[in-house]
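> Only the shape, not the letters, is given here:
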């Protein structure tokens, strides 16, 4: 990721990132950002944070789609085990373009299951998205809803609330009343 941050964001790189981001969103469970999440796919929070920051000035809709989809943490999502689909690895949910639903989760905990690190990366992504959405009520509401739905750690939610408050009352910029409400 460090090397990606060193690349200059010219038009060619932006087009490649847009193309690859769109491909990841449209792909299936193996992409990590598809509608479903395969248990052996890797967490996408750090990569999504890079894509979000890189694409935000050029294609905000795609940047938010990537961020919202990556905010999922399917290993902690609630499942209705009585559902017929749960025995076959399909946990329903549909999940449209903004990452609203879970899609499907296949099976057991993945090998990379390190919950603390995943939640920290998820919180960093959510914090960046909240900060970027502070002047757009609709996007701010969408990011807040996604954070409330997908961030399960009370300490990470508290840290996210602190970040939002800090962003809203920065001394060098005008206060953001949307984040204070």
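In hand now; what should we look at? In this text, all values refer to a predicted model and were calculated from it rather than measured experimentally.

> ranges for the helices of this structure?
Taking DSSP state H to define them, one finds helices in the chain at 2-6, 11-26, 45-55, 60-70, 115-132, 137-150, 154-168, 177-180.

> I'd like to know how far the closest residue to residue 22 other than its chain neighbours sits from residue 68.
The shortest distance from residue 22 to any residue other than its chain neighbours is 6.7 Å, reached at residue 62 (C-beta to C-beta, 6 or more residues apart in numbering). Using the backbone N, CA and C atoms, a C-beta is placed for each residue, glycine as well. Going from residue 62 to residue 68 by C-beta to C-beta, to the nearest Å gives 11 Å.

> need the contact list for the residue nearest to the spatial centre of the chain.
Nearest residue to the geometric centre of the chain (C-alpha atoms, centre = their mean): residue 71, 2.5 Å. Applying C-beta atoms under 8 Å, 6 or more residues apart in numbering, we find residue 71 in contact with 45, 48, 99, 122, 125, 126, 129, 146, 147, 150, 151.

> what are the phi and psi angles of it?
phi -70, psi -20 (degrees, to the nearest 10).

> For burial, what's the neighbour tally of the residue nearest to residue 122 when sequence neighbours are not counted?
Take residue 122 and drop its neighbours on the chain: the residue closest to it by C-beta to C-beta, 6+ apart is residue 45, 5.1 Å away. Residue 45 has 23 neighbouring residues, counting by other C-beta atoms under 10 Å.

> Pretty sure residue 45 sits against residue 70.
Yes. Judged on C-beta atoms under 8 Å, residue 45 makes contact with residue 70 at a distance of 5.7 Å.

> got any residues that touch both of those two?
With C-beta under 8 Å, 6+ apart as the test, residue 45 and residue 70 both reach residue 125.

> Poorly predicted segments of this protein, please.
Residue ranges of the chain with pLDDT under 70: 39-41, 74-113, 171-181.

> Let's see that with 50 instead.
Scanning the chain for pLDDT under 50 picks out 78-103, 105-106, 111.

> The nearest residue to residue 13 once chain neighbours are set aside: neighbouring residues, count only.
Leaving aside its sequence neighbours, residue 13 sits nearest to residue 7 (C-beta to C-beta, 6+ apart; 6.1 Å). Look at residue 7: counted by other C-beta under 10 Å, it has 10 neighbours.
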